[in-house]
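Trainee: this one's structure only:
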């Protein structure tokens, strides 16, 4: 008897949820606007908490009519969010080994050595670009009165970057070009 009651309660809950989210208007959105402009009163909203989107305090972007949340979500899923930042930077494609390099182990090792040298050179270049910015940030922090322990932490990072760069140049002299 108890499983039957639980099944009935679950079915009633699902039915109620479906009734709440089921579209109440048989009119398309444009027909409702035409009806409202004709002077006839609009039908009362059965679900004001669902249909009122965006909220009155949240203005729709200029030139765009407010969409119901479900339509907005569907458009975002299909076309993406125009306000979202790009997921990845445009990175040039990595060089791939040729068929000759794949066939010859020594040629492939030379290919790998070139790839590793490019990676090391990229690290050195990144340090060369970021170290002046970090030093400027440290100077600005001192001028603003940032706590001495935070300044010391940033200086330790700068020294670490310098030592990493020196070690890379020592181990891979070609990466300093």
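Mentor: Looks like it arrived, so ask away. Note that the structure is a prediction, hence the values are computed from the model and not measured.

Trainee: ok, longest helix in this protein?
Mentor: helix 105-144 (DSSP state H).

Trainee: starting at the chain centroid, how far to the helix or strand just after that helix?
Mentor: Using DSSP states H and E, the helix or strand that follows helix 105-144 towards the C-terminus is helix 148-171. Relative to its chain's centre, helix 148-171 lies at 30 Å (CA atoms, centre = their mean, to the nearest Å).

Trainee: what's helix 148-171 packed up against?
Mentor: helix 105-144 (3 or more CB pairs under 8 Å, 6 or more residues apart in numbering; DSSP states H and E). No exception for glycine: its C-beta is placed from N, CA and C like everyone else's.

Trainee: avg pLDDT for the helix it packs on?
Mentor: Averaging pLDDT along helix 105-144 gives 92.

Trainee: output the contacting helices and strands for that helix.
Mentor: Against helix 105-144 (3+ CB pairs under 8 Å, 6+ apart) you get helix 99-103, helix 148-171.

Trainee: those: which one's closest to residue 76?
Mentor: Closest to residue 76 of these, according to CB to CB: helix 148-171, at 38.9 Å.

Trainee: in the closest one, what counts as buried?
Mentor: With burial defined by 16 or more other CB atoms under 10 Å, the residues of helix 148-171 counted as buried are 151, 154, 158, 161, 165, 168.

Trainee: between helix 105-144 and it, find me the angle.
Mentor: 160 degrees (axes from the mean of the first three to the mean of the last three CA atoms, to 10 degrees).

Trainee: cool, thanks, talk later.
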